[in-house]
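In: Dropping a prediction and its sequence here:
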Amino acid sequence: MFEYNHILAAVDYTVEARLVLQHARSLAERYGADLTLLHVVELMPVVGGIESFSYVDLYADQPELIERAENDLKKLAAEEQLSGTNLKILTGVPKVEITAYARDNDIDLIVVGSHGRHGISLILGSTANAVLHHAKCDVLAVRV
Ligand code: AMP
């Protein structure tokens, strides 16, 4: 019988993230699989018309943002009875980091929400769409 061994749940912090987590948790329980929760912190570059622009300014808040994201992910996991789960925070473009993490860590199923902040008007959100096309493993897009 086919079994998933390592499931990756990609979570943003929309209210729908809980649904993604609940599906991932239930599949992990069913297959006895490891579960990793991943959030990607997007660092937004500020461009144009800023005289004092510098990379130092641009990335000054990075440690604070990452720390906040870590705390929020811990809190979300605890609230969904997933405290012992592997939690991962990365920085970059979500679709790129999610597929790269899955490739490098022997993930055999990625669980994403059908929509989040990037894709309300699309059939699938832009992250879900890109992950579906580029991941080498199975992808479950939870309808949110
Ligand atoms: P979106 O592309 O914003 O419509 O999001 C669709 C789904 O991609 C969300 O429900 C999440 O599962 C995932 N996703 C979006 N942004 C992130 C992020 N920053 N970190 C992790 N997963 C994300």
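Out: Received it, and whenever you're ready, just let me know what you need. None of these values were measured; they are calculated from a predicted model.
In: From now on I want contacts and neighbour counts done on CA atoms only, so please keep to that.
Out: Will do.
In: name the helices or strands packed onto the host helix or strand of residue 98?
Out: Here residue 98 sits within helix 94-104, counting by DSSP states H and E. Contacts defined by 3 or more C-alpha pairs under 8 Å, 6 or more residues apart in numbering; DSSP states H and E place helix 94-104 against strand 34-41, helix 126-134.
In: Figure out which of the ones you listed is closest to residue 86.
Out: strand 34-41 (4.7 Å; C-alpha to C-alpha).
In: Other residues contacting stretch 88-104?
Out: Contacts of stretch 88-104 with the rest of the structure, by C-alpha atoms under 8 Å, 6 or more residues apart in numbering, involve 8, 10, 36-43, 66, 69-70, 108, 110, 127-128, 130-131, 134-137.
In: State the next helix or strand along the chain beyond the lowest-mean-pLDDT helix or strand in the chain.
Out: Each helix and strand of the chain was given a mean pLDDT (mean pLDDT, DSSP states H and E); the minimum falls on helix 55-59 at a mean of 58. The element immediately downstream of helix 55-59 (helix or strand, assigned by DSSP H and E) is helix 62-79.
In: any residue of that following helix up close to the ligand?
Out: No. Residues of helix 62-79 are not located near the ligand by C-alpha under 6 Å from any ligand atom, the shortest gap being 9.9 Å.
In: If you count contacts, what does that helix end up packed against?
Out: Looks like helix 62-79 contacts strand 34-41, strand 86-91 (3+ C-alpha pairs under 8 Å, 6+ apart).
In: Quick check: buried residues in that helix?
Out: 65-66, 69-70, 73-74, 76-77 (16 or more other C-alpha atoms under 10 Å).
In: State the pair within those that is farthest apart.
Out: 65 and 77 (18.2 Å).
In: hang on, the earlier thing: out of the helices and strands packed on helix 62-79, which is closest to the ligand?
Out: Closest to the ligand of those is strand 34-41 (C-alpha to the nearest ligand atom; 3.8 Å).
In: Next to the ligand, which bits of this structure? Give me the list.
Out: So the chain meets the ligand at 10-12, 17, 38-41, 94, 112-119, 125-128 (C-alpha under 6 Å from any ligand atom).
In: Quick one: buried ones out of those residues?
Out: Buried among the residues of the chain next to the ligand (16+ other C-alpha under 10 Å): 10-12, 17, 38-41, 94, 112-116, 125-128.
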